[in-house]
Each structure stands twice: as structure tokens, then as C-alpha cells.
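Colleague: Sequence and computational prediction follow.
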Amino acid sequence: MSFQITGLPEADAVLDEQPFAVLAAMMLDQQYPMEHAFRGPWKVVERFGTFDPAAIADADPEDFVALATTPPAIHRYGRAMAARLQELARVVVDEYDGDASRIWTEATSGADLLKRVKALPGFGEQKAKIFVALVAKQLGVRPDGWEKVAGDYALEGYRSVADVTSPETLQKVRDFKKAKKAAAKAAG
């Protein structure tokens, strides 16, 4: 399956070709529209020439901030996300020999995958659960018990980025989130 989330085939291709890009895009997906967050890795490739975790980890922090904040920035908080992206790259290099896919392909269970993802910079409980669902639904890696740890994000429907496979499903996820916010506001 190929990603269809950014609205730009070239940006989706970076996600399809580079496991670290998927991980980084998920990390960038906070307080920023999904399709823009998932374009972040492509923007880095366009400006930096690569999305290799070792190269990103070793980049001069000031230079990396400059490329991350150049309009259009990789995130609305480009400076902070540049630092977090470099930190994430260092973890992938140090703990997974630069191969981000090892995070999910070597997980022994859904609980192990959740634990691995929660240990990464920029991934709390909810984001880690969404990423477990994304790995299962979009990448087809389904360690035992992934549904249990992903919780509601494992269900059929259109709840998160894990369910986005087209522009239409992106809109369905947006509609779901909008309805959920309206219900929460009405409740109080």
C-alpha cells in the first residue's frame, strides 16, 4: 500500500520509500494539519538532500533549524521540531542502527511495539497508539495483540491518520475529529 496523505505524490513517495520518514511524520503530526505534518520529511529531503537518520542526527543543529524553518517550514513550530527530529534520528541511529523499520518489524508483540514507540522523543501514549495502528493498517505489520494496545485506533472507521488512504478518507477523519470536538464542547 502506498501513502496518500500529503496531497503531493512526491511527498507521499518519500513516506513510501523511507521508514524513518513515516516515523518522523508521525512525530510532526501535532498541532498541525496532518497532510502538512506528513509533508515534513519531503521538505527536509528537498532542502537537505536526504532523509537518512545518521545524516540528520549529525547535521549542525543551527543549519538544521534554518532548513526546517525556511518557508514553508516543516511545522508551525519549526525550531522545536527540528531539534526533536534530530533527537529522534539519534535514537534511531543509536538503538536501531539507523533502520527505523526495526522498531516495528522486530517488535515481539503489540505491547512491545507500543513500549518501543512510547520511548521515542515526541511520542506520548495516544500518539504511540495511533502509530501502532498506522503500522498495522498502513504497513501491514501486525504483532500479536496490536489491536489491544492500539485500542479505539484499531477499530474500523476513520479515527486517525492510521485510517487515511485517500483524499476521501482524510476528509472522513477530519469529519470524525470535528464531531468529536463538538461533542466534547457540548458536554462541557
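Modeller: Yes, it's here. Residues are numbered from 1 along each chain as shown.

Colleague: what's the helix or strand for residue 104?
Modeller: Per DSSP states H and E: residue 104 is located in helix 102-105.

Colleague: Does that helix pack against any helices or strands, and if so which?
Modeller: Here helix 102-105 touches helix 78-96, helix 110-118, going by 3 or more Cβ pairs under 8 Å, 6 or more residues apart in numbering; DSSP states H and E. To be clear about C-beta, it is placed using only N, CA and C from the backbone, and glycine gets the same treatment.

Colleague: List the buried residues for the next helix or strand after the shortest one?
Modeller: Heading C-terminal from helix 110-118, the first helix or strand you meet, by DSSP H and E, is helix 125-138. Residues of helix 125-138 classed as buried: 127-138 (neighbour count, 16 or more other Cβ atoms under 10 Å).

Colleague: following helix 125-138, which helix or strand comes up?
Modeller: Immediately after helix 125-138, counting by DSSP H and E, sits helix 146-150.

Colleague: Centre of the chain to that next one, how far?
Modeller: 18 Å (Cα atoms, centre = their mean, to the nearest Å).

Colleague: Next: stretch 169-186.
Modeller: Distance of stretch 169-186 from the chain centroid (Cα atoms, centre = their mean) equals 20 Å.

Colleague: tell me which residues in that stretch are buried?
Modeller: 170, 172-173.

Colleague: Same check on stretch 106-117?
Modeller: Neighbour counts over stretch 106-117 (16+ other Cβ under 10 Å) mark 107, 110-114, 116-117 as buried.

Colleague: Might one say that residue 107 is in contact with residue 143?
Modeller: Yes: in terms of Cβ atoms under 8 Å, residue 107 counts as a neighbour of residue 143; the distance is 4.8 Å.

Colleague: Right, I'll leave it there.
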